[in-house]
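A.B. asks: here is the input, now give the coordinates:
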Amino acid sequence: MRNSRGGPLRLISTLRGEGALLGAASPIAVHYQVDLFTRGAITIATGEVEGRLSALRGKLGAFRLRLDDGCLLDVRITDASPEFASFEADEASAKLCHDRNGHRDAPAAAVTASEGL
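C.D. replies: Below you'll find the predicted structure:
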């Protein structure tokens, strides 16, 4: 995929695990998958969470996702149901979590944390 702002979009890693979605009345335990991409010097992250998300009551917007290693990812929920939500992550927190996991320039297949959601 190419555009005029930074070249091709390249998958650099996928993080999977159990964490917590923060920003609702109380933390919500979730299974997550975060796909990290680069486009030039920009780090992009999108993903999905699965859990008992009825407390979101269709709320879209800003939340934090705590990964199983403790890293906090600032996310914007873009679609939600009682069990599933998709999100886009803030660039700075995506880069921080990627770097913290020691996945700099590692091939995507080598950095998958676990299998399945």
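A.B. asks: only C-alpha atoms from now on, for both contacts and neighbour counts.
C.D. replies: Will do.
A.B. asks: got the contact list for the spatially most central residue of the chain?
C.D. replies: Nearest residue to the geometric centre of the chain (Cα atoms, centre = their mean): residue 34, 3.5 Å. By Cα atoms under 8 Å, 6 or more residues apart in numbering, the contact list for residue 34 reads 14-16, 45-48.
A.B. asks: so which of the residues you listed is the closest to residue 60?
C.D. replies: Among the contacts of residue 34, residue 48 lies closest to residue 60 (Cα to Cα), at 13.4 Å.
A.B. asks: SS state for that closest one?
C.D. replies: strand (DSSP: H, G, I helix; E, B strand; the rest coil).
A.B. asks: buried among the contacts of residue 34? Need that as a selection in ChimeraX.
C.D. replies: Only the buried entries of the contacts of residue 34 go into this ChimeraX selection, using 16 or more other Cα atoms under 10 Å:
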select :14,15,16,45,46,47,48
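A.B. asks: can you pull out the low-pLDDT segments for this structure?
C.D. replies: 1-6, 58, 101-117 (pLDDT under 70).
A.B. asks: quick one: the helices in it?
C.D. replies: Using DSSP state H, the helices of the chain run over 91-100.
A.B. asks: dig out what residue 80 forms beta bridges with.
C.D. replies: Beta bridges link residue 80 to residue 85 when assigned by DSSP bridges.
A.B. asks: you'd agree it is up against residue 60?
C.D. replies: Yes - Residue 80 lies in contact with residue 60 (Cα atoms under 8 Å); the separation is 7.2 Å.
A.B. asks: quick one, which of those two is more surrounded?
C.D. replies: Taking neighbours as other Cα atoms under 10 Å, residue 80 and residue 60 compare with residue 80 leading, 20 against 15.
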